[in-house]
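1. Any chance you could fold what I've pasted below:
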Amino acid sequence: MPGIASLSHRTSEGDVVRFQVRGRGGRRWITFVVIAFGALFLAIGLILAGVSASFLADAKRARGTVVSLEWRKDDDASRRTQADDKPAAYPVVEFTSADGAPRKFEDSTGSNPPSYEVGERVEVLYDAGSPEDARINGFISLWLLPLIFGGIGLVIAGIGTGVAVATRGRS
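-> Below is the predicted model:
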């Protein structure tokens, strides 16, 4: 039926809630929400990229060694399916900070198959003020989250903008 926009949402209890908005105003509202949602994700991605860039600018560098791999499964059962029920390997790295103290940390990014091997030498970036805030100097460790959030936001906002431009030309 022309002029009616419908949305459906399944609640956590399994019930389906349907929303129906009539007319051009309804379509514009839905388009605005889609663009705003995409812009929010894009903003989060840009903020995370800024945090990574700021960390890189101020970080001290040290040589470290992967001393073990911590294997663990994702505890979030709602996101997990049987296909991705495999554990991920999180590298545990030892390094010596500028104050001469030995440090050990577990990287925040795990993978299967493992990205690093036990005994592998890696470059460590750490905050001089709190050396326990350390990361492996790698693309995934520094840029994965900004790329995911920014990319999803860009795609969603782009689709919303494309729909808005296409429907505006018809009205």
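2. In which helix or strand does Lys86 reside?
-> For Lys86, there is no enclosing helix or strand under DSSP states H and E.
3. which residues of this protein fall in strands?
-> For the chain, applying DSSP state E gives strands covering 4-10, 16-22, 60-72, 88-96, 102-106, 121-127, 130-136.
4. Of these, flag the one that's most buried.
-> strand 88-96 (a mean of 19; mean count of other C-beta atoms under 10 Å). No exception for glycine: its C-beta is placed from N, CA and C like everyone else's.
5. can you tell me which residue is nearest the centre of this structure?
-> Centre of the chain computed as the mean C-alpha position; nearest residue by C-alpha atoms, centre = their mean is Leu145, 3.1 Å away.
6. Give me the distance between that residue and Arg168.
-> Per C-beta to C-beta, to the nearest Å, Leu145 is found 34 Å from Arg168.
7. Ser68: what's it in contact with?
-> Shown in contact with Ser68 (C-beta atoms under 8 Å, 6 or more residues apart in numbering): Pro91, Val92, Val118.
8. if I look at it, how far off is Ala53?
-> 30 Å.
9. do Thr161 as well
-> Using C-beta to C-beta, Thr161 is found at 27 Å from Ala53.
10. Ile152 too?
-> Applying C-beta to C-beta, the value for Ile152 to Ala53 is 20 Å.
11. Also Leu144?
-> 14 Å.
12. do the same with Val34
-> From Val34 across to Ala53, the span is 29 Å (C-beta to C-beta).
13. of those two, who's got more company?
-> Val34 (17 against 13; other C-beta atoms under 10 Å).
14. The residue lying closest to the more buried one once chain neighbours are set aside: how many residues sit nearby?
-> Leaving out its chain neighbours, the residue that sits closest to Val34 by C-beta to C-beta, 6 or more residues apart in numbering is Gly160, at 3.6 Å. A count of neighbours around Gly160, defined by other C-beta under 10 Å, yields 20.
15. which residues touch Gly160?
-> Going by C-beta under 8 Å, 6+ apart, Gly160 touches Thr31, Phe32, Val34, Ile35, Phe37, Gly38.
16. and which of those residues is nearest Leu125?
-> Gly38 (30.9 Å; C-beta to C-beta).
17. Do I have it right that the closest one meets Gly150?
-> No. If you go by C-beta atoms under 8 Å, Gly38 and Gly150 don't touch, sitting 10.4 Å apart.
18. So for the closest residue to Leu147 other than its chain neighbours, what's the pLDDT?
-> Sequence neighbours aside, Gly45 is the residue nearest to Leu147 in space, at 7.2 Å (criterion: C-beta to C-beta, 6+ apart). Note on Gly45: pLDDT of 96.
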